Structures are given as C-alpha cells and as structure tokens.
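>>> Build me a structure from this.
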Amino acid sequence: MVGAGAAALLAVGAPVAANATVATPPVPGTVPGTVVSVIPSSPASFDAWGPYSSSDGKAKAWGKVSVQKKSHKQWYWKTEYKNVRVCKWHDGEKKCRWVKKPYKKHVWKWVHEYNYTVSSALKNSKWWGDPRYRCAWETFRIVNFNGSTSYKSFKNCGKSTVSYSFSGTNAKDIDVRVSRGSFGSPKGHWSSWKSVYSA
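Model prediction:
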C-alpha cells in the first residue's frame, strides 16, 4: 500500500486527458540558443500493456503507450582556453610570457526529446458495497532520466469502463499499480508494480 508520503503525490484524475511535460535539463554553462536544424520526428512506436488486476480481481487496467523521438541542433556558448602572449616593459626591458585565457566559443549540439503518451482503460467489476472499496484505481509511477519521480492516479466508480490518457517527455520508466478504493483515494487490494514502459 502506498504510504502517506507517496499518497500526497497522487494526482487524482478526471476522465479527461491530462498533460505533463518535463523540461530537458539545460546544458551547463549554456545560454538560450537558436535552433539551426531540425530532424524530422521519428515515427511513433506503440506498445500495449496489461491487462493488470487488483489483488482481489475486482479492478482491471490495460492500454497502450506511444513514444516519439524528436531531435534538433541548438547553439550554446562553450568556455574554452587559448594561450596568449602577454608582454610588459620592466626597467626598459620587454618581458613576455604565455598565459592561458578563457574565451567563449559559439558551438552547437544535438538535443533529443522523447515524447510519450500513455492511454489506459480502467474497469470496475464491483461498484456497490463497502464505500471504502467501491472504486477501481490505477496509479502510475513515472521516473524520468533526470531521476525525478512523479505519480498519477485515476479512478472508476461506475459500471462502465473508463478511458484515460496523459503525456510527458523523457520518461525512463513508467509502472502502474491497480487497486480498490473510495471516491477520494485508493485504499487497498494493491497489485505489485507492473511495467508500462521502459526506455
């Protein structure tokens, strides 16, 4: 069961699309650059996940994930060093020495982004009875390449299967747990973490 700390991170979703974008970390020592070349996006890849069920079998989730790679060249300022001959006059004599001085060089690098969309269908096989376990829940854990982790949760308290989707950028791993709960939050009958996507 997710603890109080993790539960605080859960974002309760409504049955509409939700978007979340994680910005690509900036290159150290860079300034906002100018895009000089763009590679056409690679075709999106699709993969199915699930079905996964809660431990009591009363909630079930399944769906698909699509990932598309986008790349472009970007200018930035890079600090480099060069040897410069510095001369000074001392007591009527010219003395010179070589010193290393920094300078800014305008260069470019490839920037890659991996945009994903996760779609799911959530089925609730028992929408009556104990109000603490009347709803089906799915909780997604998204781990990004920069090490950050976020969670998204969606529920279905009705008889009909409900569809959800969310999007983001640069996910390393996405997993899901299916459970039962009340209208406000998941309460129990958790499945283990199941893989949805792994880069």
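>>> C-alpha from now on. contacts and neighbour counts both.
Fine.
>>> Report the separation between the closest residue in space to residue 135 that isn't next to it in sequence and residue 133.
Spatial nearest neighbour of residue 135, excluding adjacent residues (C-alpha to C-alpha, 6 or more residues apart in numbering): residue 157 at 4.2 Å. Separation of residue 157 from residue 133 (C-alpha to C-alpha, to the nearest Å) stands at 9 Å.
>>> for residue 99, same thing?
Distance from residue 99 to residue 133, counting by C-alpha to C-alpha: 73 Å.
>>> Of the two, which one has the most company?
residue 133 (23 against 11; other C-alpha atoms under 10 Å).
>>> which residues touch that one?
180, 181, 182, 187, 188 (C-alpha atoms under 8 Å, 6 or more residues apart in numbering).
>>> where's the spatially closest residue to the last one that is not a sequence neighbour, which helix or strand?
The shortest distance from residue 188 to any residue that is not its chain neighbour, by C-alpha to C-alpha, 6+ apart, is 5.5 Å, and that residue is residue 180. In this structure, residue 180 sits in strand 171-181 according to DSSP states H and E.
>>> Nearest residue to the middle of the protein?
residue 171 (3.7 Å; C-alpha atoms, centre = their mean).
>>> helix/strand/coil for residue 160?
coil (DSSP: H, G, I helix; E, B strand; the rest coil).
>>> That one against residue 124, yeah?
Yes - the pair residue 160 and residue 124 qualifies as a contact (C-alpha atoms under 8 Å) at a distance of 7.3 Å.
>>> okay, the two: which has more neighbours?
More neighbours surround residue 124 than the other of residue 160 and residue 124, with 23 against 12 (other C-alpha under 10 Å).
>>> Contacts only, for that one.
Remark: with contacts taken as C-alpha under 8 Å, 6+ apart, residue 124 is in contact with 58, 59, 60, 135, 136, 156, 157, 158, 159, 160, 161.
>>> Mind checking which of the residues you listed are buried?
The neighbour-count test (16 or more other C-alpha atoms under 10 Å) marks 58, 59, 60, 135, 136, 156, 157, 158 as buried among the contacts of residue 124.
>>> Leaving aside the residues adjacent along the chain, what's closest to the residue nearest to the centre of the chain?
Using C-alpha to C-alpha, 6+ apart, the nearest residue to residue 171 is residue 144, at 4.2 Å.
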